[in-house]
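Asker: I'll drop the sequence and a predicted model, then ask my questions.
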Amino acid sequence: MHSLDPKYLQRLVETSPDIIVAVDIQGTVVYYNDGARRGLQFTTEEIIGQNVARLYPSKEEARRVMTAMRNSKDNGRVSGFESIFRNKNNEDIPVMISASLIYDDDNKEIGSIGFARDVRGMRRREQLATAGEIAISLAHEINNPLEVIVNNLELLAQDVQLKLTDADLVVESERLDSIRCGIDRVQAIVRRLDEMARKGTYETRDYLQGKRMADLAPREGELPVHEHDSAAPVREWPLTGMSVLVLDDDPGVLNSLADLLKAERCNVQTATRPSNALAVLRNVKVDAVISDVVMPEMDGYEFYLQVK
């Protein structure tokens, strides 16, 4: 078995992307690799011979790391120890440190060496994952009451067309279209939020000086244009007689959608739980099933497979 060339090992350490710093017993920096130069932006000349505390936000933080090593039950070693470095631009950099005390042949402490990894990228990914979970949940929770509003708005629009004069219908239709435009905008924002969450990338724009916010504004052409006729249209009823089962654990969505379908002259069955819906399907022949996705007992996809 061949031993590795010491010069080769030295080159490996020197070119490592991790921040590698070694200090003597007094805490003076005696080694500072290329990863440290890139990550902390200090040159070798600026750090070698300086106290290691210069790389930390405070002397207390430097002592905390050293104390952790000296109190270690693993012969002066620590692994995955969270700390903070401060770079040349006075920016704090969260790091994960693996370090060890160094002893001479007489088992006397002569210094220490530490390997540190900048964890900002990892934290950013964790934050994006958390933001994604929140965004998907938020989209779901907003869509439920929004669906109730949309359904009841359509019922209201049908009622308005039947009961108002043509002159009054012009005014009320403009008001209804204004509400529809507001709903369209909210729906476009929710879709954009959901899309960003699933892709894991968030576009931002300036909010205040020095502050950014997620850019959720709908893009040009994403919002539909509402046009209406001042006269009440002649209604057709293409869904007349269709038997429909509606399944949703949100009573507001369930009832408003059922009312909307009944207004279209459908025969409607409703259920708030998948087990109740399956019981209905065992006894009633339906033409279509409209189901929520996120529900107790089973989700909409599992329910679909059982129905299929």
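Answerer: Right, received. Where do you want to start?
Asker: can I see the domain layout of the chain?
Answerer: 6-118, 120-234, 236-308 (automatic domain parsing).
Asker: could you export these as TSV, including mean pLDDT and mean neighbour count?
Answerer: To be clear about C-beta, it is placed using only N, CA and C from the backbone, and glycine gets the same treatment. Output for the domains of the chain, formatted as TSV (pLDDT from 0 to 100; neighbours: other C-beta atoms under 10 Å):
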stretch	mean pLDDT	mean neighbour count
domain 6-118	91	15
domain 120-234	77	14
domain 236-308	92	15
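Asker: mind checking which helix or strand G121 is in?
Answerer: Element membership of G121 [criterion: DSSP states H and E] is helix 120-163.
Asker: may I have the strands that pair with the lengthiest strand in the chain, each with its orientation?
Answerer: Of all the elements of type strand in the chain, the one with the most residues (DSSP state E) is strand 92-103. Strand 92-103 sits in its sheet next to strand 77-86 (antiparallel), strand 109-118 (antiparallel), going by DSSP bridges.
Asker: OK, contacts around Y31?
Answerer: I20, V21, A22, I48, I113 (C-beta atoms under 8 Å, 6 or more residues apart in numbering).
Asker: so it sits in a strand?
Answerer: Yes. Assessed by DSSP: H, G, I helix; E, B strand; the rest coil, Y31 belongs to a strand.
Asker: could you check how far it is from E46?
Answerer: Applying C-beta to C-beta, to the nearest Å, the value for Y31 to E46 is 14 Å.
Asker: cool, D249 as well?
Answerer: For D249, the distance to E46 - C-beta to C-beta - is 63 Å.
Asker: with adjacent residues omitted, what lies nearest to the residue minimising distance to the centre of the chain?
Answerer: What sits nearest the mean C-alpha location of the chain, by C-alpha atoms, centre = their mean, is G132, with 1.6 Å. Of all residues not flanking G132 in the chain, A197 sits nearest, at 4.0 Å (C-beta to C-beta, 6 or more residues apart in numbering).
Asker: starting at the chain centroid, how far to the helix or strand encompassing the one you found?
Answerer: Element membership of A197, judged by DSSP H and E, is helix 166-199. Chain-centre distance of helix 166-199: 25 Å, with C-alpha atoms, centre = their mean, to the nearest Å.
Asker: same check, this time on stretch 124-133
Answerer: Offset of stretch 124-133 from its chain centre (C-alpha atoms, centre = their mean): 4 Å.
Asker: check stretch 44-53 too.
Answerer: 40 Å.
Asker: so what touches that stretch?
Answerer: By C-beta under 8 Å, 6+ apart, stretch 44-53 touches 21, 23, 26-32, 36-37, 40, 54-55, 59, 62, 88.
Asker: first-to-last residue distance for that stretch?
Answerer: End-to-end distance of stretch 44-53 (C-alpha to C-alpha, to the nearest Å): 15 Å.
Asker: re earlier: by how many degrees do the longest strand of the chain and helix 120-163 diverge?
Answerer: 150 degrees (axes from the mean of the first three to the mean of the last three C-alpha atoms, to 10 degrees).
Asker: just say helix, strand or coil for the closest residue in space to H140 that isn't next to it in sequence.
Answerer: Excluding its sequence neighbours, the residue lying closest to H140 (C-beta to C-beta, 6+ apart) is V294, at 5.9 Å. Look at V294: counting by three-state DSSP, its state is coil.
Asker: quick check: V286 vs A279, distance?
Answerer: Applying C-beta to C-beta to V286 and A279 gives a distance of 13 Å.
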